[in-house]
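Trainee: Need the 3D shape of this:
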Amino acid sequence: MKFRNDPRRITGSIGPVITPFTDDGALDIPSLRNLIRWQLAHGSHGISIGGSTGEPGAQTVSERAEAIRAAADEIGDRVPFLPGTGSAKMDETLELTGIAREAGADACLIITPYYARPTQEALYQWYATVAREFPDLPLVIYNVPGRTAVDIAPETVGRLYRDFDNLVGIKETTKDFEHFSRVIAECGQDLMVWSGIELLCLPLLALGGVGFVSATANFAPGAIADMYNAWSEGNFSRARDLHYRLHPLVDLTFVETNPAPAKWVLAQRGLISSAHVRPPLITPTEPGRDRIKQLLADGEDLLSPTTVQGASS
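Mentor: Numbering: from 1, shown residues only. Model prediction:
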């Protein structure tokens, strides 16, 4: 929780680590720990679990809690820890957020409640309830309308930001780039904004964003972190070069539903024990695997090596 009192330090490339499972579908904590060590060895500036890439909807609350505790222990305050603790149910959201707080999370990522399609007033009340329950814990709104079927409006974000000191930012996973700009304009440039859309990671920095949570970082953490580093150092040509060179690996991430392609790549490279994804997802089909291999070859030079000190391969 070293960064909890200063959430402005939660910047850069926050690796949204997948949730590894064994071949028979059990939670694979040793592989999760290995992935975190590997991410940190390759320069990720922070770690997240339990977002869309982490298959939270396919896990029990106790499994998510076990993963949060293990991740916090493995990170050990070396970088910020930003777990996803949201759910479509308020009781689960409060329980998981409380567990993350006790485990030492620096901030929590709260997804908009999915499926029910709440109104903007209902969304305000949802986040207000969580913010009041955890006044000492920084909270980040997770807006991902493509998965939740609800889009939090800039005005609602602004209202929450003004009413609650611990509502510090938003992860925007929408391809509507105007939404990014309107949210910042509504809240002011002190609002922390991370992009969850891979090809908008670099453009967001120009608008005042503080970083990104890119699923592609699961297998190319070094290149994703370097893109942020280059931007921060004023080396804009290198940042743009990495942005465009990453396109094949970004496309790979979504050959089939994320995180199935990323898990397949990590398993092929020996970083996790199995490519297993839980239903309703499936491992990549044969045509999907063929396409992944093509894109992998196109972006191979940006893959992070598997053999680094501190992470077994």
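Trainee: Quick check: which element contains the residue sitting nearest the centre point of the chain?
Mentor: Nearest residue to the geometric centre of the chain (Cα atoms, centre = their mean): P16, 3.6 Å. Using DSSP states H and E, P16 maps to strand 12-17.
Trainee: which parts of the next helix or strand after that strand are buried?
Mentor: Counting by DSSP H and E, the next helix or strand C-terminal to strand 12-17 is helix 29-41. For helix 29-41, a neighbour-count test (16 or more other Cβ atoms under 10 Å) marks 29, 31-41 as buried. For glycine as for every other residue, the C-beta is placed from the backbone atoms N, C-alpha and C.
Trainee: ok, now stretch 76-83?
Mentor: Residues 79-83 are the ones in stretch 76-83 that count as buried (16+ other Cβ under 10 Å).
Trainee: likewise stretch 272-286?
Mentor: By 16+ other Cβ under 10 Å, the buried positions in stretch 272-286 come out as 272-277, 281, 283-284.
Trainee: Equivalent analysis for stretch 173-193, please.
Mentor: In terms of neighbour count (16+ other Cβ under 10 Å), stretch 173-193 has its buried residues at 173-174, 177, 179-180, 182-184, 186-187, 191-193.
Trainee: hang on, the earlier thing: so which of the buried residues of stretch 76-83 belong to helices?
Mentor: Among those, the subset assigned to helices under DSSP state H is empty.
Trainee: Make a markdown table out of the residues you listed and add distance to V61.
Mentor: Written out in a markdown table, the entries for those read as follows (distance: Cβ to Cβ, whole Å):
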| residue | distance to V61 |
| --- | --- |
| V79 | 25 |
| P80 | 23 |
| F81 | 19 |
| L82 | 19 |
| P83 | 13 |
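Trainee: G209: which of the residues you listed is nearest?
Mentor: Checking these against G209 with Cβ to Cβ, the nearest one is L82 at 14.9 Å.
Trainee: how about the closest one, what does it touch?
Mentor: Contacts for L82 (Cβ atoms under 8 Å, 6 or more residues apart in numbering) come out as 10, 14, 46-48, 105-109, 140, 213.
Trainee: Same question for A239.
Mentor: In this structure, A239 makes contact with 202, 227-228, 230-231, judged by Cβ under 8 Å, 6+ apart.
Trainee: Mind doing that once more with 6 Å?
Mentor: By Cβ atoms under 6 Å, 6 or more residues apart in numbering, the contact set of A239 is 202, 227, 230-231.
Trainee: Which pLDDT value goes with the nearest residue to G86 once chain neighbours are set aside?
Mentor: Across the structure, with Cβ to Cβ, 6 or more residues apart in numbering as the measure, the residue nearest G86 apart from its sequence neighbours is I111 (3.6 Å). We note a pLDDT of 97 for I111 in this prediction.
Trainee: Around I111, count how many other residues there are.
Mentor: Around I111 there are 25 other residues, counting by other Cβ atoms under 10 Å.
Trainee: quick one, helices of the protein?
Mentor: Assigned by DSSP H, the helices in the chain fall at 29-41, 61-75, 90-103, 120-133, 145-148, 154-163, 177-187, 201-207, 221-232, 236-245, 247-253, 260-268, 286-298.
Trainee: what's the shortest one in contact with?
Mentor: For helix 145-148, contacts defined as Cβ under 6 Å, 6+ apart pick out 52, 112, 114, 151, 174.
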